[in-house]
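Undergrad: Give me a 3D structure for the following:
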Amino acid sequence: MRRVWWLPAAVVLSACGGDKLIVDPGSIDWGDVDFNDPVPATGHDPQEITLTNNGGGSLEVVILDLDDDRLTLGGQLDSNDPPRLTLAGGGGVAVLTLGVAGYEPGEIATEIDGELRFAAAGLKDDVIFPWSYVPQRSGGE
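TA: Below you'll find the model as predicted:
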């Protein structure tokens, strides 16, 4: 059974100068993910994440702590090492896609969790984006 949980409100990060980075949804819990089929390029059950800059100036957002053995990230990226994108001020939006890519030996039927961090110069704190899933495979590993 697949579960996708969206936090009731988006995560909002404010800068000292009034810039705001909004990440919606605030987290993803994929629940059980079936690994009997090959992993598509977008990962299993890709979900959209919308980043919005509600501040006046542009933001260069860097995505940190991406576990690319477990997740795939796609979308409007300016570069991939590390993943980064630029959001125009005054409501600039980017849509990213996050999918489940894999698991380590011994992790079948065990919840795997982690987090992404969205950082930008001028913002007071990074946005923390929690994620989790439980890899399943009929017949075990």
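
Undergrad: could you give me the average pLDDT of the stretch of helix or strand V33 belongs to?
TA: Using DSSP states H and E, V33 sits within strand 28-34. In this model, strand 28-34 has a mean pLDDT of 97.

Undergrad: mind checking the end-to-end distance for stretch 39-56?
TA: Stretch 39-56 has an end-to-end distance of 40 Å (CA to CA, to the nearest Å).

Undergrad: about what we covered before: and the strand holding V33, how far out from the chain's middle?
TA: Centre-to-centre, strand 28-34 and its host chain are 14 Å apart (CA atoms, centre = their mean, to the nearest Å).

Undergrad: Show me what that strand is packed up against.
TA: On a contact count with 3 or more CB pairs under 8 Å, 6 or more residues apart in numbering; DSSP states H and E, strand 28-34 meets strand 44-53, strand 92-100, strand 127-136. (Glycine included, C-beta is placed from N, CA and C.)

Undergrad: Same list, those, but as JSON lines with distance to I28, mean pLDDT and mean neighbour count please.
TA: Formatted as JSON lines, these follow (distance: least, CB to CB, whole Å; pLDDT from 0 to 100; neighbours: other CB atoms under 10 Å):
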{"stretch": "strand 44-53", "distance to I28": "5", "mean pLDDT": "97", "mean neighbour count": "19"}
{"stretch": "strand 92-100", "distance to I28": "7", "mean pLDDT": "96", "mean neighbour count": "18"}
{"stretch": "strand 127-136", "distance to I28": "5", "mean pLDDT": "97", "mean neighbour count": "19"}
